[in-house]
Every structure is written in C-alpha cells, then in structure tokens.
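> Generate coordinates for the sequence data below:
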Amino acid sequence: MALSPYLQRLRDSLSCCTYNGAQHTDVLIEESDALAKLKKAKIQTGAGDWFAFCPDKGRGEKALMSPLLACGREHDHHRACDCVIVLCRGQSLTIVYVDLKSGNPSGYAGQFKSTRQFVRYAIELLKEFYASPLEVEREQYVILYGGEKPLPIRKTVTAPKLEKISRTQPDRAYKREIPNGARLYLRELLG
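Next comes the predicted model:
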C-alpha cells in the first residue's frame with residue numbers, strides 16, 4: 001500500500017520523516033536527552049495512509065527542518081515536540097503532536113504551538129503552490145511521561161473518556177503516564 005499522492009507530497013516536503021504507513025505499522029519515539037527518564041515509546045498505528053516525522057531532530061545544524069527555526073533558544077518558535085503523526089482519510093488530516101517528558105510534565109505548550117504552526121505552514125504552502133486539497137480536520141496534543149520504573153497496577157479504563165481526549169490544546173494536552181519503552185495504540189490516543 002502506497003501513501004496517497006497528496007500525503008506523499010507533504011511527506012516529501014519535510015526533511016525529518018521517520019515512519020510511514022506504506023512501510024511500517026509502528027512509530028518509535030525516542031528522546032535524545034541523556035538525562036531523560038522516559039527514553040522511548042512505541043505507538044502502534046497499523047498500515048495505512050499516514051506518516052510520522054520528528055521536528056525536534058529537524059532543528060539541528062545538520063538536518064534543518066526550516067531556516068525559520070534556526071534562531072536563538074530565547075524564542076518560543078525555535079521549539080519542537082518529539083514526534084508528529086499525520087493521518088489522512090480522503091483529503092482530511094488528523095495531526096497528532098506527541099512529546100515525551102520525564103517526571104512531572106511542564107513547559108510543553110510552546111513546543112506544541114511552534115510545531116503546529118510549522119505543520120500548518122507546510123500544508124498551506126502545498127495548497128498555494130501545488131493545489132493540494134488536504135485540510136486539517138483535527139489536531140491532538142499528547143504528553144507521554146514517566147519512564148522511571150514499571151508503573152504500579154491501577155484500575156483504570158482502557159481508553160480515556162472521549163471528552164478528555166478530543167478537546168486538547170497545546171496548553172491542555174492529554175497526559176498519560178507510561179513506563180519506559182511502552183507500546184500504545186494510536187486509537188487510544190485519539191479516543
């Protein structure tokens with residue numbers, strides 16, 4: 001199964017793509033900070049019309065996602081989250097922004113806002129210059145945190161309540177505590 005032509009064009013416009021639904025069924029998200037307690041998480045997506053990219057890796061000097069993101073650290077628009085998963089159904093996109101945090105998650109709103117603006121910018125460029133019909137239907141913000149040790153067994157529902165997940169914003173992300181190396185289903189994060 002190949003990606004749809006419009007989604008493939010969007011994928012080709014980014015320099016930090018990692019996984020796609022034509023070749024993969026999982027997205028591995030890794031934190032490169034040596035001091036991070038939560039080092040990795042895997043999101044099972046299944047095959048389909050989707051791809052993932054790592055904007056945080058596209059901010060470096062070697063692999064620059066965009067010159068707009070090359071300014072000093074004092075600017076919020078120089079920040080990025082750890083992974084973005086872009087799903088396509090017809091011409092509608094669902095964008096899932098994911099960030100890994102150790103311990104008590106904080107300081108993520110700027111990362112999500114900066115990444116969201118970059119994604120919207122890329123989509124709008126393709127609309128303007130390549131007549132792409134893709135439209136963002138839904139944006140989801142997810143914080144995966146923890147990583148220190150295996151979590152104690154707690155009685156919780158398998159999937160969180162839809163109203164808790166569906167109304168996320170960069171400053172009110174859905175937060176989920178996980179052990180290091182956890183495997184999650186994408187549909188759990190979408191509600």
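
> avg pLDDT for the lengthiest helix in the chain?
Counting by DSSP state H, the longest helix found in the chain is helix 109-130. Helix 109-130 carries an average pLDDT of 92.

> Direction included, what does the next helix or strand after it pair up with?
Later in the chain than helix 109-130, the nearest helix or strand by DSSP states H and E is strand 135-146. Using DSSP bridges, strand 135-146 pairs in its sheet with strand 92-102 (parallel), strand 174-178 (parallel).

> Figure out which of these is closest to Arg79.
strand 92-102 (10.0 Å; CB to CB). Where you see a C-beta, it was placed from the backbone N, CA and C, and this is true even at glycine.

> CA atoms of that closest one as CSV?
Provided in CSV are the C-alpha atoms of strand 92-102 (Å, rounded to 0.1, in the frame of the first residue of the first chain):
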residue,chain,number,x,y,z
SER,A,92,-8.9,15.2,5.7
LEU,A,93,-5.8,15.2,8.0
THR,A,94,-5.6,14.3,11.7
ILE,A,95,-2.4,15.6,13.2
VAL,A,96,-1.2,14.1,16.5
TYR,A,97,1.6,16.0,18.2
VAL,A,98,3.5,13.9,20.8
ASP,A,99,6.1,14.8,23.3
LEU,A,100,8.0,12.6,25.8
LYS,A,101,8.6,14.1,29.3
SER,A,102,10.3,12.7,32.3
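
> next one: it to chain centre, how far?
Mean-position distance between strand 92-102 and its chain equals 3 Å (CA atoms, centre = their mean, to the nearest Å).
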